[in-house]
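Chemist: just coords:
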C-alpha cells in the first residue's frame, strides 16, 4: 500500500477542483498517508526527477487536467515513480478512459492500492502525448478557447470557439499514414478510446497497445461536418460515410496554409505535424478494473 505521495496541483483550479483535492488529501491522511504539496509556478511548472528520487515517494499525484498528467510524465521520464490522477480539468478524458471513481474516498483508495500499469505514449513533432492528437476542427477550437472563461464556466466555454470554427472554410490536409497517402479535412490520431470527455471515439484504441488509430474525416462541406459532429456523442463518428479509420504507427499531416493542431486537448501549434508511436512511457495508477 502506498503511503508517501507528492501532490502536484494546478493552483488556478476553481472552487470545485480545490474542494475535491482537499477531500482526497484528507482521505489519504486519514488512512495514515503522508502528502507533500507542490504548486507549479510560471518558472517551474512541474517537479523533476530529483524531487521524486527513488525511495522518497511511493507515487506522484497529478491534480489537474489531462495536460497536467502529460507534463508530469514528460518531466519524470525515467524516474520509475508511478503517477496517480485526481481529475480537475474540464474534459478529463483520461479519467473516463481508465474508469476513475468520482468521489474522494474512491480516488484515495485507487491512489493507495490501485495497480501501476505501464502505458505507451506517442509523439507529436517529438512532444509526448498519451490520449490523442488532432489537426483541423478540434485544433482550431482549442486554439480559440478562452482559458479564463473555461475556468469559470467549464464546457460551456467551447460554444463560441466551436461556432466560430464551423464558420471557417474546411482545410485540405495531406495525410500520409504508414506510407499511404490520403486527403482529409480533419484528422484525429487516437491512443485512447475516449475523446472530449466520456465520448467513445476509437473503440479499437488502447493505451497499452503500442499502436495508434488514425481517424480521417474526409467531408468537404460545413453541413456535412456538422452532421458528422452530431454522431460523436453517440460513439458513431467512425462508422460514418466519409470517415476512414486506420491502425498505424506513423502519421504525417501537412497543408498549403497552416492549420491548427492539438495534443491531449491542448493547443499545439500548426501543421506540419508528424505523429509517431514511441513517446515517453507512463506508469499510471489505475482502478483494478481499468484494463
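Modeler: Noted; the coordinates are in hand. Only a predicted model underlies this, so the values are computations on that prediction, with no experimental measurement involved.

Chemist: elements contacting the strand or helix carrying residue 28?
Modeler: For residue 28, the element it lies in under DSSP states H and E is helix 15-30. The contact analysis (3 or more C-beta pairs under 8 Å, 6 or more residues apart in numbering; DSSP states H and E) places helix 15-30 against strand 4-9, strand 34-38, strand 59-64, strand 83-87, helix 104-113. Every residue, glycine included, has its C-beta placed from N, CA and C.

Chemist: So for it, mean pLDDT?
Modeler: Across helix 15-30, pLDDT averages out at 88.

Chemist: and for it, what are the contacting residues?
Modeler: 5, 7, 9-10, 13, 35, 37, 61, 63-64, 86, 88, 104-105, 107-108, 111-112 (C-beta atoms under 8 Å, 6 or more residues apart in numbering).

Chemist: 7 Å instead?
Modeler: Identification of contacts with helix 15-30 by C-beta atoms under 7 Å, 6 or more residues apart in numbering yields 5, 7, 9, 35, 63, 86, 88, 104-105, 107-108, 111.

Chemist: Which two of the residues you listed have the greatest separation?
Modeler: 9 and 105 (18.6 Å; C-beta to C-beta).

Chemist: quick one: low-confidence ranges for the stretch 101-250 of the chain?
Modeler: Of all residues in the stretch 101-250 of the chain, none has pLDDT under 70.

Chemist: try 90
Modeler: 120-121, 146-157, 196-198, 208-210, 233 (pLDDT under 90).

Chemist: And the helices in it?
Modeler: Counting by DSSP state H, counting those that start in this stretch, the stretch 101-250 of the chain has helices at residues 104-113, 137-143, 147-153, 159-166, 222-231.

Chemist: so of these, which one's packed in deepest?
Modeler: Sort the helices of the stretch 101-250 of the chain by mean neighbour count, taking mean count of other C-beta atoms under 10 Å, and helix 137-143 sits at the top with a mean of 22.

Chemist: Next, the closest residue to residue 228 other than its chain neighbours: phi, psi?
Modeler: Once flanking residues are discounted, residue 228 sits nearest to residue 240: 5.6 Å by C-beta to C-beta, 6 or more residues apart in numbering. Per-residue torsions, residue 240: phi -80, psi 150 (degrees, to the nearest 10).

Chemist: same check, this time on residue 218
Modeler: According to degrees, to the nearest 10, residue 218 has phi -110, psi 10.

Chemist: Could you report the separation of it from residue 244?
Modeler: Separation of residue 218 from residue 244 (C-beta to C-beta, to the nearest Å): 7 Å.

Chemist: circling back to that earlier point, could the helices and strands packed on helix 15-30 be laid out in TSV, adding distance to residue 147?
Modeler: What follows is the helices and strands packed on helix 15-30, written out as TSV (distance: least, C-beta to C-beta, whole Å):
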stretch	distance to residue 147
strand 4-9	17
strand 34-38	22
strand 59-64	13
strand 83-87	17
helix 104-113	25
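
Chemist: closest to residue 150 out of those?
Modeler: strand 59-64 (13.0 Å).

Chemist: Can you give me the buried ones in the closest one?
Modeler: Across strand 59-64, burial judged by 16 or more other C-beta atoms under 10 Å covers 59-64.
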